[in-house]
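Trainee: from the sequence below, what's the structure:
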Amino acid sequence: MPAFRLPEDRRVPSGPQRSRRAALGVAAAALVLPLAACGEKSDLAKQARSGDGKNYIAGDGSIEEYGKDKRGEPVSFEAPLFTGKTVKAEDYRGKVLVMNFWYAACGPCRSEAPTLKKAADEFKGQKVEFLGVNVRDEKPTADAFDRTFKISYPSVRDLEGKVLMAMSKFVPPTAVPTTLVIDPEGRVAARILGIADKGTLSTLIKSNLP
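Mentor: Have a look, this model is predicted:
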């Protein structure tokens, strides 16, 4: 009686053939892992495409510091405060400037407000200034936000997006809140994309004090 044999395509590989197939399997898995990682990093793009009507892209909390030799030229902007006074970048030379981009209906901005208040209180009287950049609200709404969270530092009214455009290299157009730490020479030293952590923000400020 002839011996029973499996069809060629159903035999279990052995020796060098099995090793080659195993290696191909490992290589395929290695290709999948980077693709998954890239997917995790595309959260901002997913939010932008979601069409959920929230009208903002929540930052991922990432922090980027710029070495002194990579900060480039001083920033330049000019805008009216809600009080009516006009401020410009040159007004803050010689001090650390913390610029926070926000608006009242932004949930993450509301969550972050107590942290910014504490940081502003901590550095009061030192060579540090805080400046809000409101990208959406009229004065009554902005004032109500400040009263609710006891914010004492001023904000500029940037409904036309002039300050935002001046900072477009560092601030994604719809990613709020975003916080910039600007050194005494007027150059961007660090960026926090999303809700700022109090300890992190304090460290960034201290590391740039004159």
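Trainee: quick one: the helices in this protein?
Mentor: Counting by DSSP state H, one finds helices in the chain at the ranges 15-40, 43-49, 107-122, 139-149, 162-166, 198-206.
Trainee: the third one - contacts with which helices or strands?
Mentor: Identification of packing neighbours for helix 107-122 by 3 or more CB pairs under 8 Å, 6 or more residues apart in numbering; DSSP states H and E yields strand 96-102, strand 128-134, helix 139-149, helix 198-206. C-beta: built from backbone N, CA, C; applies to glycine.
Trainee: could you rerun that using 7 Å?
Mentor: Contacting helix 107-122 under the criterion 3 or more CB pairs under 7 Å, 6 or more residues apart in numbering; DSSP states H and E are the following elements: helix 139-149, helix 198-206.
Trainee: okay, these, which one's buried deepest?
Mentor: With neighbours defined by mean count of other CB atoms under 10 Å, none of the helices and strands packed on helix 107-122 is more surrounded on average than helix 198-206, at a mean of 17.
Trainee: what's in contact with it?
Mentor: Residues outside helix 198-206 that contact it (CB atoms under 7 Å, 6 or more residues apart in numbering) are 63, 96, 98, 115, 118-119, 122-123, 128, 179, 181, 190, 192.
Trainee: and the pLDDT for S42?
Mentor: Model confidence at S42, given as pLDDT, is 36.
Trainee: also N100?
Mentor: With respect to pLDDT, N100 has a value of 98.
Trainee: once you drop chain neighbours, what's closest to it?
Mentor: Ranked by CB to CB, 6 or more residues apart in numbering and with sequence neighbours excluded, the top spatial neighbour of N100 is T179, at 4.8 Å.
Trainee: now K70: how far from I192?
Mentor: K70 sits 18 Å away from I192, going by CB to CB, to the nearest Å.
Trainee: quick one: low-confidence ranges for this protein?
Mentor: Residues of the chain meeting the criterion pLDDT under 70: 1-61.
Trainee: state the distance from the closest residue to T141 other than its chain neighbours to E64.
Mentor: Using CB to CB, 6+ apart and skipping the chain neighbours, the partner closest in space to T141 is A104 (5.0 Å). As for A104, its distance to E64 is 26 Å (criterion: CB to CB).
Trainee: the more surrounded of these two?
Mentor: When A104 is set against E64 and neighbours are counted by other CB atoms under 10 Å, the residue ahead is A104, at 20 against 11.
Trainee: is that one in contact with P140, as I believe?
Mentor: No. Under the criterion of CB atoms under 7 Å, A104 is not in contact with P140, lying 10.0 Å apart.
Trainee: give me the most central residue, this protein.
Mentor: Nearest residue to the geometric centre of the chain (CA atoms, centre = their mean): L193, 1.1 Å.
Trainee: any idea how far that one lies from M167?
Mentor: For L193, the distance to M167 equals 13 Å [CB to CB].
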